[in-house]
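Peer 1: Structure for this input, please:
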Amino acid sequence: MDLQKPPAAPPVQPPPARSPEGCLVVAIRLPVRIVVLVLVLPVRMVWDALVVGGRFLGDAVLRPLGRGLSWLGKALFVRPLIGLWRYAVVPGGRALGWLGHVLLVVPAVWFYRYLLTPAGHGLAWVYARVLTPVGLAALWLLRGIGTVLGAVGVGAYTGVAWLVRYLVVVPAGWVYAWFLAPAGRGIAWCARGAWLLLGMLASGIGLVLYWTGRILVVLPALALWRWVLAPVGRFLAVLAREVGDALGHAWRIAGRISLAVGRFLGTLFRWIFVEPVRWVYRAVLTPVGHVVRDAVLRPAARAARSVGRTARQALTAARETARQTRADVRRMLFGEPKEPGEREAVVRREPSAGETRTLGRSTTALTKD
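Peer 2: Below is the predicted model of the structure:
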């Protein structure tokens, strides 16, 4: 008994409410979809035919061709380059590295260790024992000279500063306080008044231009936008949206029609070409092949096997006859063979009954000892 509660089903959300469509949209939709379907259907059928042809071409031609070119490229370029890199470049690089190490690195290390290092130590000793004391003495001398020159410079600076203060700064301050400042205040007051006057004139001219432009340009443009361009734009937007929807519907419907036409043509090709060929193969060629096999090929094979068997038996009988004849001729020429205890064993080159004749052994009567 299941004591657990089943999970609560998710609440079913209602489909989004579509905005009500006007009669203009409904009147435009059907003719647009019909026209677009008529225009899109040939394009979709040509596209599907090209897709099928492309797939067949890719599977039957391009893919094997690509594999062949890949194998050819590997055989002509990749493997030679790998062999060149492995057996020529890498050993050559190692040889050049060893040669560079022997000709450059080792001499450079020797030069640094036995020439530059002692020279550097010598220069450091000279710097510490000779140049440093001389430099310190020169620094002490320059510091004393600088102290004397500093005292002289401070006195000269004080005198020059006193002269500049009482000959330039004080008269300049008096001229600024009694002449330049009052004149500047008057000029600033005049400029402020002129700026206010110009601002008032500019405000008046701007106000006149604003109302003139509003009456002559803005209000007509606003009326044109509100009563002409906006309705035309909404109509064009509705038309474009319906054309887009019609293109989508027409493409899908054309795909289904193209699929049905393709299946029909495939079925027609199968019933016109494939099925007759299959029937001819099954009902005509297969029985004829069986008849030819049973009436011609099998008897011919049995006759060939019997002829071969007869020929092998004839060759065996002829070989046995020749062996007996050869033995009789030897017996007539040389007499009867000696007893086994009185003669040496003779190695016969004829194979025994259980042995097998091979190409590497002399088993014929002409090569027998």
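
Peer 1: what about the helices in the chain?
Peer 2: Ranges of helices within the chain are 23-57, 63-73, 79-84, 90-100, 106-111, 117-126, 132-164, 170-175, 181-213, 219-224, 230-269, 275-280, 286-292, 298-334, based on DSSP state H.

Peer 1: Tell me the helices and strands packed up against the last one.
Peer 2: Pointing back at helix 298-334 there. Using 3 or more CB pairs under 8 Å, 6 or more residues apart in numbering; DSSP states H and E as the contact test, no helix or strand touches helix 298-334. For every residue, glycine as well, the C-beta is placed using N, CA and C.

Peer 1: Please state the offset of it from the chain centre?
Peer 2: Helix 298-334 sits 74 Å away from the centroid of its parent chain (CA atoms, centre = their mean, to the nearest Å).

Peer 1: Stretch 216-230 now?
Peer 2: Taking mean C-alpha positions (CA atoms, centre = their mean), stretch 216-230 and its chain are 55 Å apart.

Peer 1: Check stretch 141-158 too.
Peer 2: Worked out by CA atoms, centre = their mean, stretch 141-158 lies 77 Å from the chain centre.

Peer 1: and if you look at stretch 41-52?
Peer 2: On CA atoms, centre = their mean, the centre of stretch 41-52 falls 29 Å from the chain's centre.

Peer 1: quick one: contacts of that stretch?
Peer 2: 250-251, 253-255, 257-259, 261-262 (CB atoms under 8 Å, 6 or more residues apart in numbering).

Peer 1: Can you list the buried residues in it?
Peer 2: 41, 44-45, 48 (16 or more other CB atoms under 10 Å).

Peer 1: a markdown table please, covering the contacts of stretch 41-52 and showing pLDDT, neighbour count and distance to K74.
Peer 2: Listed next are the contacts of stretch 41-52 as a markdown table, based on pLDDT from 0 to 100; neighbours: other CB atoms under 10 Å; distance: CB to CB, whole Å:
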| residue | pLDDT | neighbour count | distance to K74 |
| --- | --- | --- | --- |
| A250 | 81 | 24 | 48 |
| W251 | 85 | 16 | 43 |
| I253 | 84 | 16 | 48 |
| A254 | 82 | 22 | 45 |
| G255 | 83 | 16 | 41 |
| I257 | 85 | 16 | 46 |
| S258 | 83 | 20 | 41 |
| L259 | 85 | 13 | 41 |
| V261 | 85 | 14 | 44 |
| G262 | 84 | 14 | 39 |
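
Peer 1: For F179, give me the pLDDT.
Peer 2: If you check F179, the pLDDT there is 79.

Peer 1: Report how far apart the opening and closing residues of stretch 166-185 are.
Peer 2: One end of stretch 166-185 sits 27 Å from the other (CA to CA, to the nearest Å).

Peer 1: again, but for stretch 287-296
Peer 2: Terminal-residue distance, stretch 287-296 (CA to CA): 13 Å.

Peer 1: Check the average confidence over it, would you?
Peer 2: 88.

Peer 1: so how far is it off the chain centroid?
Peer 2: 58 Å.

Peer 1: same deal with stretch 194-203?
Peer 2: With CA atoms, centre = their mean, you get 70 Å for stretch 194-203.

Peer 1: List the buried residues for it?
Peer 2: Per 16+ other CB under 10 Å, stretch 194-203 contains no buried residues.

Peer 1: what's near enough to touch R29?
Peer 2: 242, 245-246.

Peer 1: Now flag whichever of the residues you listed is closest to A194.
Peer 2: Among those, E242 lies closest to A194 (CB to CB), at 65.2 Å.

Peer 1: The closest one and V35, how far apart?
Peer 2: Counting by CB to CB, to the nearest Å, the gap from E242 to V35 is 11 Å.

Peer 1: One more: W162?
Peer 2: W162 is 103 Å from V35, by CB to CB.

Peer 1: Neighbour count: the two, which is higher?
Peer 2: V35 (13 against 10; other CB atoms under 10 Å).

Peer 1: Quick one: residues contacting the closest residue to that one other than its chain neighbours.
Peer 2: Spatial nearest neighbour of V35, chain neighbours left out: A246 (8.0 Å); criterion: CB to CB, 6 or more residues apart in numbering. Neighbour list for A246: 29, 32-33, 35-37 [criterion: CB under 8 Å, 6+ apart].

Peer 1: repeat that for 10 Å
Peer 2: 28-37, 39-40 (CB atoms under 10 Å, 6 or more residues apart in numbering).

Peer 1: ditto for R67
Peer 2: Counting by CB under 10 Å, 6+ apart, R67 has no contacts.

Peer 1: Throw the contacts of R29 into a markdown table and include distance to Y157 and pLDDT, thanks.
Peer 2: Shown next, in a markdown table, are the contacts of R29 (distance: CB to CB, whole Å; pLDDT from 0 to 100):
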| residue | distance to Y157 | pLDDT |
| --- | --- | --- |
| E242 | 92 | 80 |
| D245 | 92 | 84 |
| A246 | 95 | 80 |
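
Peer 1: closest to L142 among those?
Peer 2: D245 (94.4 Å).

Peer 1: returning to that earlier point: which of the contacts of A246 count as buried?
Peer 2: Those of the contacts of A246 that meet the buried threshold are 28-29, 32-33, 36-37, 40, by 16+ other CB under 10 Å.
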